Structure formats: structure tokens, C-alpha cells
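Peer 1: Here is my input; please provide its structure:
(chains A and B)
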Amino acid sequence: MDDLLRTLRISASGMKAQGTRLRVISENVANADSLPTQPGGLPYQRKVVTFRNQLDQAIGVNTVSVDRIQSDQSEFDRRYDPSHPAADANGYVLAPNISTLVEMTDMREAQRSYEANLNVIKSSKTMLQDTIGLMR
Amino acid sequence: MDLNKLTLFGLMKGQLGWLGRRQEVLAQNVANSDTPGYKPSDLKAFDFPDMVKRQQMDQGRGLSTTSPMHFAGTRAQTSPFAEVEDAAPYETSPNGNAVVLEEQMAKLGETQLQHRLTTELYRKHIGLIRIAIGKNQ
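Peer 2: Numbers count the residues shown, from 1 in each chain, chains lettered A, B, ... in the order given. Now for the predicted structure:
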């Protein structure tokens, strides 16, 4: 396969990985207030995405893919709310370990990487068009 | 007439191949801009004597066949252009990733510009040959 066409595949793999990342971020944001329903229950645990460099056997180049979606092992937040059904004896409820600010920053980063990949595709496309234009 | 036998066209062909390959390497860097531990790479600069040497080396590799019934043999296509890992990246993030998007995008723009230059030169020279052929063929 031609180098430039392979470029498109590589960038597409990058965009796909960033898409998955954005999906996980949206899961985190949506579940920022998913509290347990009974005392001793656990709230939603934040998820994180890791990427991996992977050799694509079919086209023989290094593409990127999502390695594993893991849970964030940091401590849960605690909120004081004695009226909540899941409150413990002291009136505290465990809340998800999600900071919306961190998620938003992560989202921006994913967006920036996605745009970078998109620009590579645009650039490769222009180069391909230039080459095709030689026939005119 | 084989255009590739003209030095200039042969050189342009090599240059276009190099640019295409470089674009691929840069795309890999951008796609892996968030992969932990990934180090970006680039191609060795394109220079003509090197290119000629490599081309001479390339000929005569692979299986030779003595009968039309023989298979030609499959050899993994190796790129004639050397890939080098970036030895001194701008910065490395805590997870070991050394890709700086700005740097890669700048290189990408440069590659695209050179590609345009080469294709325009190609067109110009084809034009010159057309003039030599004349209008009423």
C-alpha cells in the first residue's frame, strides 16, 4: 500500500483512540453524582483510558489503540448529607472520585489530539491531490 | 521515452517517495501523541548520493529464478529510507511520551510544502518537454 494511504489509516487509528477516550470522559462526567443507594455501598468509580502502540500486521505500520479501560484507584470523595439513604452513622455519603475540572481538561486534550490527527489527514489528502493533479 | 531515466525525473520520484514515507512516520508520531513511553522518530534527510547508493544496493536482492515455474519469493518490502528515533526531543512528559504536537505539525507542514514544490517542478518540466515536442505533432 502506498505510504500516503497508510498515513490515513494511522491517523484514523489515532482518531478512533481519542474517540474512545472522549466516550470514557463523558461516562465520568455523566456519573459525577452517581451515589450509592444503601449504607456501605460504593459510588461510581472514575475510569481512565491508556493507549498502546501496536503493530498493524495487515499494513505493517505502528498504529495506536486503546490498551485497557481501568478504574481510578484514588480515594472516594465524602459528602456530608445525613438525610441521604446511603449515609453512614456520622452522616457522610461516599461520592465518586471525579473532579469535573480534571475531566474538562482531559476533554480538551483529547480534542486537541483529535484535531492534530485530522490535520494530518487533511495534509496527506492535499499531497495525494497534488500527485493526482500531475496528470492534468 | 522513459522519463525516469532523465536524472531530474528520477530524483523527483525519489523525493516524492521520501516525502510520502516521512508523512507516514509523522502520522505515527501524531497518532501516538498520548501513548505512554512512545518516542517520536523522523527520517534521515534526503540526499542524492545516499539515495543512489541505496538503489544500487536494492537491485540484485531477493530470490533469482532459473525457471518460469519458480516462485519469485516474497520479501518483506523494506523502505529505502532510514528511520531514526528523535535523540533530543523538546520535552518528555512524566509518562515517558516525547511527542510535541507543535513540532510534529510544523514538520508536517514542511513536508506538504516540499511535496507541492516537487509536484509543481515536475509539471513545469513536463511542460518544457511539451514545448520541445511542439504544438503540431
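
Peer 1: going forward, measure contacts and count neighbours with C-alpha atoms only.
Peer 2: Will do.

Peer 1: Can you pull the poorly scored residue ranges out of chain B?
Peer 2: Per-residue confidence of chain B (counting by pLDDT under 70) places the weak regions at B:1, B:4, B:50-64, B:72-80, B:136-137.

Peer 1: closest point of it to chain A, which residue?
Peer 2: Closest approach of chain B to chain A (CA to the nearest CA) occurs at B:A31, with a separation of 4.2 Å.

Peer 1: That residue contacts A:K16, doesn't it?
Peer 2: No: the pair B:A31 / A:K16 is not scored as a contact, 9.6 Å apart, by CA atoms under 8 Å.

Peer 1: Who has more neighbours out of those two?
Peer 2: Neighbour count, other CA atoms under 10 Å in any protein chain shown: between B:A31 and A:K16, B:A31 has more, with 32 against 17.

Peer 1: Next to chain B, which bits of chain A? Give me the list.
Peer 2: Applying CA under 8 Å from any CA of the partner chain, one finds that chain A approaches chain B through A:3-4, A:6-7, A:10-11, A:13-15, A:50-53, A:62-64, A:113, A:116-117, A:120, A:123-124, A:126-127, A:130-131, A:134.

Peer 1: quick one on the thing from earlier: which residues touch the residue of chain B closest to chain A?
Peer 2: Neighbouring residues of B:A31 by CA atoms under 8 Å, 6 or more residues apart in numbering or on different chains: A:10-11, A:13-15, A:63-64, A:113, A:117.

Peer 1: Make JSON lines from those residues and add neighbour count, secondary structure and pLDDT to it.
Peer 2: Output for the contacts of B:A31, formatted as JSON lines (neighbours: other CA atoms under 10 Å in any protein chain shown; DSSP: H, G, I helix; E, B strand; the rest coil; pLDDT from 0 to 100):
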{"residue": "A:I10", "neighbour count": "30", "secondary structure": "helix", "pLDDT": "91"}
{"residue": "A:S11", "neighbour count": "28", "secondary structure": "helix", "pLDDT": "92"}
{"residue": "A:S13", "neighbour count": "21", "secondary structure": "helix", "pLDDT": "91"}
{"residue": "A:G14", "neighbour count": "29", "secondary structure": "helix", "pLDDT": "91"}
{"residue": "A:M15", "neighbour count": "23", "secondary structure": "helix", "pLDDT": "93"}
{"residue": "A:T63", "neighbour count": "26", "secondary structure": "strand", "pLDDT": "87"}
{"residue": "A:V64", "neighbour count": "29", "secondary structure": "strand", "pLDDT": "88"}
{"residue": "A:S113", "neighbour count": "21", "secondary structure": "helix", "pLDDT": "93"}
{"residue": "A:N117", "neighbour count": "29", "secondary structure": "helix", "pLDDT": "94"}
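
Peer 1: Great, nothing more from me.
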